[in-house]
Structure formats: C-alpha cells, structure tokens
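Student: Sequence plus predicted model, see below.
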Amino acid sequence: MLAIQKAADAGFKKVVIEGDAWNVIEPLRNQVIAPHWSIKTVVEDILFLVKGFDNVNFSFVGREGNEAAHLLAGWAALLNWNGPVPISNLSPLISQALDRDGHRPNLDCISLFCKK
C-alpha cells in the first residue's frame, strides 16, 4: 500500500510493484481471486489507487529473490521515514545484499557522469 501511495504522490504513471506475499500479489494481479478477509480492505484500497496510473504490473518475487528489497524496507521502517539518508549510511547487511544482487550504486557517479 505504501509503495503504490508513494508512486502516486511522486507522479509516476507506469510502475511495477514486486512483493513476496503471494496472498497479496495474486489478488492484485488476478482480480477474480478473492483476497483473504484480513487483507481485503488493503487490496481494495490498492486497486482504487491504481486507477490513477497508466500501467501497473504486480509481480510475485520469492523472498530469496528480493533479499535486498526486504532489508531496505525494514531499514526504512526503522528510520521511520525521517527524510533522505546518504547511501553511505546503509547497514553492512544491506550493502552486502545489494552487492550480491548486483544493484550496488556507483558512489562515484554524479548525475549521468561517472568516473571510470
């Protein structure tokens, strides 16, 4: 819910939402499948928000396939969204997961110009 709300607030029109909770992602992908009663309201709220986008894809990714995202989400929740935090302040666990996934940003990059 927070991801789709942040994307809407940022003005994105095309998004891919990945999640490791099959019971949430599947009713979002295939609206014929009824969500469990405990998450029905959240699923309905998300489906309402996606009406403001041009294109939204929901994708299930197993926990082993999104370790970095899982750790980043926990870290962000711990920080309680108190504003931007430099990437150099990432926890070593998150940095290691990003390195394993090949998503570690080049800290020498400034905008589109990077040191080789």
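Tutor: Sure, I can see it.

Student: What ranges does the chain have for its helices?
Tutor: For the chain, the helices defined by DSSP state H occupy 2-9, 22-29, 40-49, 67-79, 92-101.

Student: now for the last one, which elements pack on it?
Tutor: Applying 3 or more C-beta pairs under 8 Å, 6 or more residues apart in numbering; DSSP states H and E, one finds that helix 92-101 contacts helix 67-79. In this view, the C-beta of every residue, glycine as well, is placed from N, C-alpha and C.

Student: Tabulate the helices of the chain in JSON lines, adding columns for mean pLDDT and distance to residue 60.
Tutor: Converted to JSON lines, the helices of the chain look like this (pLDDT from 0 to 100; distance: least, C-beta to C-beta, whole Å):
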{"stretch": "helix 2-9", "mean pLDDT": "85", "distance to residue 60": "14"}
{"stretch": "helix 22-29", "mean pLDDT": "92", "distance to residue 60": "4"}
{"stretch": "helix 40-49", "mean pLDDT": "93", "distance to residue 60": "14"}
{"stretch": "helix 67-79", "mean pLDDT": "71", "distance to residue 60": "13"}
{"stretch": "helix 92-101", "mean pLDDT": "72", "distance to residue 60": "17"}
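
Student: Nearest to residue 57, out of the ones you listed?
Tutor: Nearest to residue 57, of all the helices of the chain, is helix 22-29, at 8.1 Å by C-beta to C-beta.

Student: Only the C-alpha atoms, please, for that closest one, written as CSV.
Tutor: This file holds the C-alpha atoms of helix 22-29, laid out as CSV (Å, rounded to 0.1, in the frame of the first residue of the first chain):
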residue,chain,number,x,y,z
TRP,A,22,1.6,-14.2,-2.7
ASN,A,23,-1.7,-13.8,-0.8
VAL,A,24,-1.5,-10.1,-1.5
ILE,A,25,0.1,-10.0,-5.0
GLU,A,26,-2.1,-12.7,-6.6
PRO,A,27,-5.5,-11.0,-5.9
LEU,A,28,-3.9,-7.7,-7.2
ARG,A,29,-2.8,-9.5,-10.4
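
Student: Can you name the residues in contact with that helix?
Tutor: With C-beta atoms under 8 Å, 6 or more residues apart in numbering as the test, helix 22-29 has contacts from 17, 19, 33-36, 39, 42-43, 46-47, 58-60.
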